[in-house]
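[1] mind looking at a prediction? Sequence and model below.
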Amino acid sequence: GAGVSQTPSNKVTEKGKYVELRCDPISGHTALYWYRQSLGQGPEFLIYFQGTGAADDSGLPNDRFFAVRPEGSVSTLKIQRTERGDSAVYLCASSLGGGGTEAFFGQGTRLTVV
Amino acid sequence: GIQVEQSPPDLILQEGANSTLRCNFSDSVNNLQWFHQNPWGQLINLFYIPSGTKQNGRLSATTVATERYSLLYISSSQTTDSGVYFCAGGSGGSNYKLTFGKGTLLTVNP
C-alpha cells in the first residue's frame, strides 16, 4: 500500500481481555517495528522484525506481549490479560531494509483498557 | 541505550517567525530522523539526516554527528506547522532501534 496501515484505529477493551493489533507495512519493506507512545512522551521501541523473524524484542515490557509476522509482511501485536497500564497508542513502522534505514510510521492504534 | 534531549520543550511563535529546534544525543548516532506529529497522532517524516544538511521548502536540518546534535530550522512559520516535533536516533549495530526525545510542542499563532 501507499503507507503503513494499522487496524483498528481505536480499541477499547476490559481489563484482563486479550487484544490483537494489526500492521500492514509499506509494500516491499522488509523491516517492521512496533513502538508504544504514552501521553506526553515520545514513542518507545518494542520489537523489530527483519523478514519473518523477530530480530530484537528487547523492548517488550513483559511476557503478556507477543508479536508475529508469519509471512514477512503483515504483523500482529498480541497482548494477553490486558492491564490499565497498557493503555497507549501503539505505532507500527516499516523501512526498506534494516540497519538504520528511514522508518515510516502508521497512524497508530489507540488502546484503552477500562 | 542512548539518551535524547530536545529543546525547547515548548515554543510559541507568531506566524511568519523563524525558529530553531535542537536535539542532543548522549552518544554518537548513525541513524537520525526528525518527525512532525500532527493533531491526529500521525508521525510525518521530515528528514532522515544522520549527518550533513538538508533542506525541504521552509524546513531545513543539520546534523553534526561528531558533536552529537542536530538542529531543525523552520522559517516563515505557518499555523499548520503547529504540533509536536520529535527527533529520534539510533546508534551502533542497533541503529534500527530509534530512541525518541520528549518532543518540542510548537504553537504558531495567526
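    That came through fine. Numbering: from 1, shown residues only, chains lettered A, B, ... in the order given.
[2] tell me where chain B has strands.
    Under the criterion DSSP state E, chain B contains strands at B:4-7, B:10-14, B:19-25, B:31-37, B:43-48, B:52-56, B:59-64, B:69-74, B:83-90, B:99-100, B:104-109.
[3] actually chain A, not the one I wrote
    Assigned by DSSP E, the strands in chain A fall at A:5-7, A:10-13, A:19-24, A:31-37, A:44-50, A:53-56, A:65-68, A:75-79, A:88-95, A:103-105, A:109-113.
[4] will you turn these into a markdown table that also has mean pLDDT?
    Output for those, formatted as a markdown table (pLDDT from 0 to 100):
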| stretch | mean pLDDT |
| --- | --- |
| strand A:5-7 | 98 |
| strand A:10-13 | 98 |
| strand A:19-24 | 98 |
| strand A:31-37 | 98 |
| strand A:44-50 | 97 |
| strand A:53-56 | 92 |
| strand A:65-68 | 98 |
| strand A:75-79 | 98 |
| strand A:88-95 | 98 |
| strand A:103-105 | 97 |
| strand A:109-113 | 98 |
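[5] the closest residue in space to B:Glu5 that isn't next to it in sequence: neighbouring residues, count only.
    Among residues not flanking B:Glu5 along the chain, B:Asn24 sits closest, at 4.6 Å (Cβ to Cβ, 6 or more residues apart in numbering or on different chains). Heads up, the C-betas are built off the backbone N, CA and C, glycines and all. Residues lying near B:Asn24 (other Cβ atoms under 10 Å in any protein chain shown) number 16.
[6] thought B:Asn24 was touching B:Val4?
    Yes - B:Asn24 sits in contact with B:Val4 when judged by Cβ atoms under 8 Å, with a separation of 7.4 Å.
[7] ok, residue 20 - contacts?
    All of this is about chain A. A:Thr76, A:Leu77, A:Lys78, A:Ile79 (Cβ atoms under 8 Å, 6 or more residues apart in numbering or on different chains).
[8] let me rephrase: I mean chain B.
    B:Leu71, B:Leu72, B:Tyr73, B:Ile74.
[9] let's go with 7 Å and repeat that
    Listed by Cβ atoms under 7 Å, 6 or more residues apart in numbering or on different chains, the contact partners of B:Thr20 are B:Leu71, B:Tyr73.
[10] can you give me the distance of it to chain A?
    Remark: distance between B:Thr20 and chain A (Cβ to the nearest Cβ, to the nearest Å) = 19 Å.
[11] can you check the pLDDT for that residue?
    With respect to pLDDT, B:Thr20 has a value of 98.
[12] what does A:Gly97 give?
    Looking at A:Gly97, the pLDDT reads 84.
[13] so which bits of chain A are right by chain B?
    For chain A, the contact set with chain B under Cβ under 7 Å from any Cβ of the partner chain comprises A:31, A:41-43, A:45, A:48, A:56, A:89, A:98-100, A:102-105, A:107-108.
[14] buried among the residues you listed? Need that as a selection in ChimeraX.
    Buried residues among these (16 or more other Cβ atoms under 10 Å in any protein chain shown), as a ChimeraX selection:
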select /A:31,42,43,45,48,56,89,98,100,103,104,105,107,108
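[15] can you pull the contacts of the closest residue to A:Leu32 other than its chain neighbours?
    Closest residue in space to A:Leu32, ignoring its immediate chain neighbours: A:Phe49 at 4.4 Å, by Cβ to Cβ, 6+ apart. Taking Cβ under 7 Å, 6+ apart, we find A:Phe49 in contact with A:Ala31, A:Leu32, A:Ala55, A:Arg69, A:Ser75.
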